[in-house]
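Colleague: How does the following fold in three dimensions:
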Amino acid sequence: MASYEKIRVFIAVDIEDPLILSRLERFKEALVATGVPMKPVETQNIHLTLRFIGEIPRWRVEEIEKSVLSTIRGKPFRVVLKGVGAFPSPSRPRVVWVGVEEGADELRKYRDVIEEGLRRLGLPPERQSFVPHITLARIKGSRNIHALTRLIHEYEDYEFGSFTVEAIRLKKSTLTRHGPIYETLWEARLA
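Modeller: Numbers count the residues shown, from 1 in each chain. Have a look, this model is predicted:
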């Protein structure tokens, strides 16, 4: 790959537990059944974003691998996925998400380390504050929005399960007509 070629990247924790994925899939089916126009996230693409970076030259990706991700140190930790919400709010949803109960502090700590490393490389800081979550769907219209709001409230305390974070990954995102295709470029193992 030529070093000047631009690629779209982000840093994330993948959700790989089959039981959690099946619970998330069932909830996504309930979301779609509301009839609200939306774009659900494909099950194989479900992840928890620590930092979206965007399109950058390939040489910057290698710089991030060497200067930021290779310096990540820590032990594996438990994350509990609990609750459903929406940005900017359940009454005006644009993004439907599943929250993080246990493990949010550890995720913030790793996010801060990554953010500081990216800043040292001269990348602009992220504008929004970090709220650990898993995006499940992007809302595309307001038809039947009351049904979606009701569903979000029904699941606001639902626990989807827990898993152990053992790796933080730099992911490449290739946008296609059928949705994004994600590929792991680098993995920082926690041990």
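Colleague: What strand or helix carries the nearest residue to residue 183 once chain neighbours are set aside?
Modeller: Once flanking residues are discounted, residue 183 sits nearest to residue 172: 4.6 Å by Cβ to Cβ, 6 or more residues apart in numbering. In short, each C-beta sits where N, CA and C put it, glycine included. If you go by DSSP states H and E, residue 172 is part of strand 167-174.
Colleague: partners of that strand in the sheet?
Modeller: Its sheet considered, strand 167-174 pairs with strand 6-14 (antiparallel), strand 181-189 (antiparallel) by DSSP bridges.
Colleague: Extract the C-alpha set from stretch 45-62 and format it as CSV.
Modeller: Provided in CSV are the C-alpha atoms of stretch 45-62 (Å, rounded to 0.1, in the frame of the first residue of the first chain):
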residue,chain,number,x,y,z
ASN,A,45,-19.4,-4.7,12.7
ILE,A,46,-20.5,-4.2,16.3
HIS,A,47,-17.8,-2.6,18.3
LEU,A,48,-17.1,0.0,21.0
THR,A,49,-15.2,3.0,19.5
LEU,A,50,-12.5,4.5,21.6
ARG,A,51,-11.4,7.1,19.1
PHE,A,52,-12.6,7.8,15.5
ILE,A,53,-9.7,9.2,13.6
GLY,A,54,-11.0,9.4,10.0
GLU,A,55,-9.1,9.5,6.7
ILE,A,56,-5.4,9.8,7.1
PRO,A,57,-2.3,8.9,4.9
ARG,A,58,-1.0,5.4,5.3
TRP,A,59,2.3,6.7,6.8
ARG,A,60,0.3,8.3,9.7
VAL,A,61,-1.3,4.9,10.4
GLU,A,62,2.1,3.4,10.8
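Colleague: how far does it sit from the chain's center?
Modeller: 11 Å (Cα atoms, centre = their mean, to the nearest Å).
Colleague: Just put the strands paired with strand 167-174 in TSV and tack on mean pLDDT.
Modeller: Below are these laid out as TSV (pLDDT from 0 to 100):
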stretch	mean pLDDT
strand 6-14	96
strand 181-189	96
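Colleague: which strands and helices sit next to the least confident helix or strand in the chain by mean pLDDT?
Modeller: In the chain, no helix or strand scores lower on mean pLDDT, DSSP states H and E than helix 58-67, which sits at a mean of 92. Here helix 58-67 touches strand 6-14, helix 104-120, strand 167-174, strand 181-189, going by 3 or more Cβ pairs under 8 Å, 6 or more residues apart in numbering; DSSP states H and E.
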